[in-house]
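Asks: Pasting a predicted model and its sequence here:
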Amino acid sequence: MMRRMIENIRWALLGTGRHPEMRIAPAMTAASNASLRGVWTRDRDRAAAFAGRHGAEIAYRSLDEALADVAVDAVFVATPNNLHAEHTIRALLAGKHVLVEKPMAVSAVEARAMVAAAREADRILGVGYHMRHHAVLAEAARIVLSGEVGEPIYATASFVLHSFAPPSMPNSPWKSDPAAMGGGGALMGMGVHVVDLLRTLIGREIRAVTAMSDGQRDERPLDRLAQVCFEFDGGVEAHFVCSGRYPFARNDAVIYCASGRVLAKDSVDMNPGHGSLEVMTPTSDGHAVRFVEAPVANHFTVEIEAFGNAVASGQRFRADGTDGLRAVEATDAIIASLWQAKRMEVERRDA
């Protein structure tokens with residue numbers, strides 16, 4: 001890919017919901033190599049108000065206008081889940097690099113089409129798995145994959161969001177629409193992050209899933225609490241829970257290995273700036289615990305900067321389209337397991 005040197009990535013943001021408002025636009029403002037060129041949503045007055053709040057230069061009148069803007073280097077897709085594939089493919093074929101919010105797509109068929117479009121357009125496609133940019137979780141993965149505590153055997157994680165007070169911004173109405181969400185509630189809102197996180201921590205692919213939830217039935221198609229058991233290649237097993245129903249959750253990730261345990265405390269979350277890491281190993285008279293220092297910067301800002309660096313250098317982005325595809329393939333199997341109440345194999349196939 002021939003590249004001009006880009007010191008500042010100029011972004012167009014598609015979607016002006018709660019997540020772009022609270023996290024993505026502020027991250028673009030804070031990033032050292034990014035600026036928010038323009039914003040598009042179907043309601044232009046809303047786009048104009050959003051642009052004014054976040055210092056964007058323009059509120060586009062249409063999606064076509066946004067994608068035709070020659071001043072835009074990259075597009076962040078934060079529209080409803082079932083529009084991710086359409087908007088991503090259109091942006092890629094318009095010559096833009098794309099960072100799409102999770103879930104990458106609502107089916108593996110769509111995800112493969114997105115990967116193929118990125119390859120055809122010779123552009124970078126990334127997925128917004130912000131936990132890959134959390135220093136505590138990244139260091140946990142490095143320790144496990146280095147073999148320092150032996151081969152992984154079992155991992156578990158929890159991602160539960162609960163607020164006692166009313167949230168500062170309500171969720172968009174589409175988040176109650178099964179088709180727009182892609183068949184999952186907490187699963188698509190939070191669980192897909194943990195799917196990718198466990199792949200990252202264990203360093204292997206998911207072979208099969210068994211899942212249960214309080215949804216995925218005719219009277220309640222969207223879950224509010226879901227649990228998933230994974231079988232990874234090589235015999236590693238894992239479990240996670242995601243929900244918004246209960247308070248005081250321990251949003252930790254724990255990897256149990258043959259020679260020790262790696263515990264990332266209070267790290268599986270949307271909120272930046274917290275988390276800690278400890279490694280426990282056996283000794284002749286019991287065990288030793290080592291606390292590992294890792295910075296707790298705003299991982300959304302780190303994500304935006306990392307994508308900009310990938311665009312400028314041509315190097316692989318930390319969560320690329322293939323990573324997104326693998327997660328969607330697993331999510332397809334999870335939703336099938338929930339509706340059919342049985343173990344499901346994950347169909348892995350490249351684009």
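Replies: Sure thing, it's come through.
Asks: Please enumerate residues in contact with stretch 269-280?
Replies: Under the contact criterion Cβ atoms under 8 Å, 6 or more residues apart in numbering, stretch 269-280 has outside partners 23, 130, 134-137, 139-140, 143, 148-149, 159, 161, 251, 260-267, 287-292, 294, 296-301. Bear in mind the C-beta positions are built from the backbone N, C-alpha and C, glycine included.
Asks: Now that we have those, which of them are buried?
Replies: 23, 130, 134-137, 139-140, 143, 149, 159, 161, 251, 260-267, 294, 296, 298-301 (16 or more other Cβ atoms under 10 Å).
Asks: Helices along the chain, start to end?
Replies: Using DSSP state H, the helices assigned to the chain run over residues 18-19, 25-30, 44-54, 63-68, 84-93, 108-121, 135-145, 178-181, 186, 192-202, 299-313, 321-340.
Asks: Please identify the deepest-packed of those helices.
Replies: Among those, ranked by average contacts under mean count of other Cβ atoms under 10 Å, first place goes to helix 192-202 (a mean of 25).
Asks: Give me the number of neighbouring residues for residue 22.
Replies: The tally of other residues near residue 22 (other Cβ atoms under 10 Å) stands at 15.
Asks: what about it, distance to residue 48?
Replies: 19 Å (Cβ to Cβ, to the nearest Å).
Asks: Could you chop this structure up by domain?
Replies: 9-130+302-320, 134-297+329-345 (automatic domain parsing).
Asks: Looking at these, spot the one closest to residue 351.
Replies: In terms of Cβ to Cβ, the element of the domains of the chain nearest to residue 351 is domain 9-130+302-320, at 3.8 Å.
Asks: mind checking the end-to-end distance for the closest one?
Replies: Length of domain 9-130+302-320, first residue to last, Cα to Cα, to the nearest Å: 18 Å.
Asks: as a whole number, average confidence for it?
Replies: The average of the pLDDT scores along domain 9-130+302-320 is 97.
Asks: cool, and stretch 146-163?
Replies: Stretch 146-163 comes out at a mean pLDDT of 94.
Asks: before we move on, what about stretch 177-184?
Replies: 97.
Asks: who touches that stretch?
Replies: So stretch 177-184 is contacted by 80-83, 103, 105-107, 174-175, 188-189, 191-192, 215-216, 221-223, 226, 331, 334-335 (Cβ under 8 Å, 6+ apart).
Asks: Can you show me the CA trace of that stretch as PDB?
Replies: This file holds the C-alpha atoms of stretch 177-184, laid out as PDB (Å, rounded to 0.1, in the frame of the first residue of the first chain):
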ATOM      1  CA  ASP A 177     -34.600  -3.800  18.600                       C
ATOM      2  CA  PRO A 178     -33.400  -7.400  18.200                       C
ATOM      3  CA  ALA A 179     -32.700  -6.900  14.500                       C
ATOM      4  CA  ALA A 180     -30.700  -3.800  15.000                       C
ATOM      5  CA  MET A 181     -28.800  -5.300  17.900                       C
ATOM      6  CA  GLY A 182     -28.000  -8.500  16.000                       C
ATOM      7  CA  GLY A 183     -29.900 -10.900  18.300                       C
ATOM      8  CA  GLY A 184     -28.200 -10.100  21.700                       C
END
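Asks: for it, the distance to its chain's centre please.
Replies: Here the centre of stretch 177-184 is set off from its chain's centre by 17 Å, with Cα atoms, centre = their mean, to the nearest Å.
Asks: got it, and stretch 211-224?
Replies: 22 Å.
Asks: ok, now stretch 94-107?
Replies: With Cα atoms, centre = their mean, you get 11 Å for stretch 94-107.
Asks: and residue 247, how many neighbours?
Replies: Residue 247 has 9 nearby residues by other Cβ under 10 Å.
Asks: who's in contact with the closest residue to it other than its chain neighbours?
Replies: Leaving aside its sequence neighbours, residue 247 sits nearest to residue 162 (Cβ to Cβ, 6 or more residues apart in numbering; 4.5 Å). By Cβ under 8 Å, 6+ apart, the contact list for residue 162 reads 243-249.
Asks: Then residue 187?
Replies: 213, 223, 226, 242, 331, 334-335, 338.
Asks: now these as JSON lines including pLDDT and distance to residue 72?
Replies: Below are the contacts of residue 187 laid out as JSON lines (pLDDT from 0 to 100; distance: Cβ to Cβ, whole Å):
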{"residue": "213", "pLDDT": "98", "distance to residue 72": "39"}
{"residue": "223", "pLDDT": "97", "distance to residue 72": "36"}
{"residue": "226", "pLDDT": "98", "distance to residue 72": "37"}
{"residue": "242", "pLDDT": "98", "distance to residue 72": "34"}
{"residue": "331", "pLDDT": "98", "distance to residue 72": "30"}
{"residue": "334", "pLDDT": "98", "distance to residue 72": "35"}
{"residue": "335", "pLDDT": "98", "distance to residue 72": "34"}
{"residue": "338", "pLDDT": "98", "distance to residue 72": "39"}
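Asks: Which member of those residues is positioned nearest residue 15?
Replies: Checking the contacts of residue 187 one by one against residue 15 (Cβ to Cβ), the nearest turns out to be residue 331, at 20.3 Å.
Asks: What distance do you get for that closest one to residue 253?
Replies: 19 Å.
Asks: and if you look at residue 284?
Replies: 29 Å.
Asks: okay, these two: which has more neighbours?
Replies: residue 253 (31 against 4).
Asks: For the more buried one, name its beta-bridge partners.
Replies: residue 157, residue 264 (DSSP bridges).
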